[in-house]
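Asker: the following comprises the amino acid sequence and a computationally predicted model.
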Amino acid sequence: MSDSEPDLPDIDAEEKPSAAELEAAGQDSMFGNAPEPLPTPAPEPTAEPSTRSAAPAPEAKQPYRVLARKYRPQTFSQLIGQEPMVRTLANAIERDRLAHAFLMTGVRGVGKTSTARLIAKALNCVGPDGNGGPTIDPCGQCEPCKAIAEGRHIDVIEMDAASNTGVDNVREIIEQVRYAAVSARYKIYIVDEVHMLSNSAFNALLKTLEEPPAHVKFLFATTEVDKLPVTVLSRTQRFDLRRIPSDLLAEHFAWVCEQEGVGAEDEALRIIAAAAEGSVRDGLSILDQAIAHADMDADGAVAAERVRDMLGLADKSAQRRLLGHVLAGDAEKLLAGVDEQYALGVEPLALMRSLMDLVHRITLAQVSGREPDAPSAEEREALADFAQRLSASQLHRLWQLLLKGHDEVRLAPDPLVSLQMALLRVLHAAELPDPGQLAKRIEDLANARPTAPASDTAGSSGDASPSAEHGESSSGWVDIVEQVEYAGQLRVAQMMRDRIRVIALEPGRLVFEQADDYRDDPVPDVREALFKLTGKRWQVERGKGEAQPSLREAEEARAKAESERIRAHPLVKAAFEAFPDAELVEPQGNVARTSQAGGRWN
């Protein structure tokens, strides 16, 4: 270097910007983006000795993944509650009888999309050594399995039909299926919420769905299978994914808590499983929230009491106390219990549903004779006691009243007031006599033959009394009228029953008094009817004297007396006091036409 040249500072090669950085800076300036500042050299460390050792660089903290995503099934063995579907797929893969289109349907959170991804992995798995074939147990180690699990496989295309509803989106699929898979065994299209496609999109897909290329498989998932056209359903192999039973969900949640290192009470897990309503995803979301809601001073354990508070559910013992107050007719304690639960944050509708669930479990325990379904021994004992004390009719009536109250609470502008009034109605109804037993008792009383007084049956050893004579003549007249009616002379028989008051009845002679103010003379019709009946001419005439009531009047008098006797019964009186607007209704059919000695209702 000559003396005339200025002294330039030595720049380390590592401190100079690289060619790539310069090119990127030029591109940014060309397209209007502000160039990033070139890296400045780091200051050199001082020569002073340091007594502290260099701290290790902190590791980058991974973002939290919710349990529903973290524990998504990666193998068919982890897919709980769907054994029939897994068995069918395993047999199909083993026998090489794979359909070209599958449809997974069921409620939310039972594993429809997860099943579709597992099928994609099962069909494209090549094994750890790269020489495997389709299997129901994908290895999860090969590149296709990893890429499908991470959602980055180029030959497994997932499409959300809710945001791709038109025929143009389906046309893209139709154009792409002609090309073979790039790196996988099958090109797989996973269409989620397929029922959201338009009718035109479905029609455009039909031909390709019916006869796709050999390297293409379609996997559909939907929660509303009824909205799919029949033409689509007939071209797919359908799997109905079941709701997961509560006990199986509770076991799965216990396993998740064990994996997370979180303690949980069995009753808490049962509550979460019941609230999930058969959905694994819903249950894991509730469990995630319950773990966050748990008390830190209790080592973060999930407690049943905290889960109830979080979900706004009633305490099980409080439910039983409320039901006991209803059955005991204690309105004051019932309202106090409702206010207490409402103050604790229990929603009125949730409290009503809890009481309905309680009555349902008591009924099932009573019908089956088995031990009630309850998480704790105390609750099982209490439910068994209810099942023993209550009758089936009481439980059915409780269920109907609570069901009606549930609809009222759900639609009411003030749910708490509606809940109070509904439970008070149930309370007062519990004090009333059972309608079925009451109706049967009234029917038995109505069908009971009244006992004749001793004075009517006792007679002297001499001539028959006038009342006995009237009874005999009345009985004979009843037989004559019934025979006339049986002979087919219905009009004359009805006239004889309604208008003839018998004064004297002898063989071949009838003296009567007419019971109404009709102007027409019944004598010719009666005489003709008696002649046809006996083959003899009868002397039929009007007369005066002590006449018996007509058969119609006698039946009405007996019915009135029977009604008064029934109304005088203590049980019927109690029923009318409980139901002021009730009416005593006669049984169906006409009043029986029997003798005066023993009236009876039909």
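Answerer: Arrived safely, thanks for sending.

Asker: tell me where the stretch 451-600 of the chain has helices.
Answerer: 454-457, 466-486, 490-499, 523-534, 551-567, 570-578 (DSSP state H, counting those that start in this stretch).

Asker: what's the angle between the fourth one and helix 490-499?
Answerer: It refers to helix 523-534. 120 degrees (axes from the mean of the first three to the mean of the last three Cα atoms, to 10 degrees).

Asker: which of the residues in helix 523-534 are buried?
Answerer: 525-527, 529-530 (16 or more other Cβ atoms under 10 Å). For every residue, glycine as well, the C-beta is placed using N, CA and C.

Asker: quick one on the thing from earlier: among the helices of the stretch 451-600 of the chain, which is the most enclosed?
Answerer: helix 490-499 (a mean of 18; mean count of other Cβ atoms under 10 Å).

Asker: does residue 331 touch residue 427 like I think?
Answerer: Yes: using Cβ atoms under 8 Å, residue 331 makes contact with residue 427 at a distance of 5.8 Å.

Asker: out of these two, which sits in the more crowded spot?
Answerer: residue 427 (19 against 15; other Cβ atoms under 10 Å).

Asker: quick check: which element contains the more buried one?
Answerer: helix 415-431 (DSSP states H and E).

Asker: check residue 190 too.
Answerer: Per DSSP H and E: strand 187-192 holds residue 190.

Asker: after that strand comes which helix or strand?
Answerer: With DSSP H and E, the next secondary element past strand 187-192 is helix 199-210.

Asker: just the residues contacting that following helix, thanks.
Answerer: For helix 199-210, contacts defined as Cβ atoms under 8 Å, 6 or more residues apart in numbering pick out 101, 165-167, 169-171, 173-174, 177, 197, 218, 228-229, 231-232, 235-236.

Asker: buried subset of those, written for ChimeraX?
Answerer: If you want just the buried ones from those in ChimeraX, going by 16+ other Cβ under 10 Å, the selection is:
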select :101,165,167,169,170,173,177,197,218,228,232,235,236
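
Asker: low-confidence ranges, this structure, go.
Answerer: 1-62, 295-299, 312-315, 374-377, 430-475, 517-518, 586-602 (pLDDT under 70).

Asker: for residue 228, which non-adjacent residue is spatially closest?
Answerer: Sequence neighbours aside, residue 195 is the residue nearest to residue 228 in space, at 5.6 Å (criterion: Cβ to Cβ, 6 or more residues apart in numbering).

Asker: list the contacts for that neighbour?
Answerer: 161, 222-225, 227-228.

Asker: residue 514 reaches residue 543, doesn't it?
Answerer: No: using Cβ under 8 Å as the test, residue 514 is too far from residue 543 to be in contact (10.6 Å).

Asker: neighbour-wise, which of the two wins?
Answerer: residue 514 (16 against 11).

Asker: next, work out how far apart that one and residue 480 are.
Answerer: 17 Å (Cβ to Cβ, to the nearest Å).

Asker: again with residue 528
Answerer: 14 Å.

Asker: residue 330 now?
Answerer: 64 Å.

Asker: same deal with residue 372?
Answerer: For residue 372, the distance to residue 480 - Cβ to Cβ - is 66 Å.

Asker: quick one on the thing from earlier: give the residues shared as contacts by residue 331 and residue 427.
Answerer: residue 325.

Asker: show me what residue 505 is bridged to.
Answerer: residue 510 (DSSP bridges).

Asker: for burial, what's the neighbour tally of it?
Answerer: Neighbours around residue 505, by other Cβ under 10 Å: 19.

Asker: thought it was touching residue 481?
Answerer: No: between residue 505 and residue 481 there is no contact under Cβ under 8 Å: 11.3 Å.

Asker: could you dump the buried residues of helix 523-534 to JSON lines with distance to residue 287?
Answerer: Conversion of the buried residues of helix 523-534 to JSON lines gives the following (distance: Cβ to Cβ, whole Å):
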{"residue": "525", "distance to residue 287": "89"}
{"residue": "526", "distance to residue 287": "90"}
{"residue": "527", "distance to residue 287": "95"}
{"residue": "529", "distance to residue 287": "88"}
{"residue": "530", "distance to residue 287": "92"}
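
Asker: how about the nearest residue to residue 392, chain neighbours excluded?
Answerer: Closest to residue 392 by Cβ to Cβ, 6+ apart is residue 366, at 6.7 Å.

Asker: what strand or helix carries that neighbour?
Answerer: helix 348-368.

Asker: other residues contacting that helix?
Answerer: Residues contacting helix 348-368 (Cβ under 8 Å, 6+ apart): 311-314, 319-320, 322-323, 338, 341-342, 371-374, 383-384, 386-388, 390, 392, 395-396, 398-399, 402-403, 405-406, 409-410, 415-416, 418-419, 422.

Asker: now, of those residues, which are buried?
Answerer: 311, 313-314, 319-320, 322-323, 338, 341-342, 372-374, 383-384, 386-387, 390, 395, 398-399, 402, 405-406, 409, 415, 418-419, 422.
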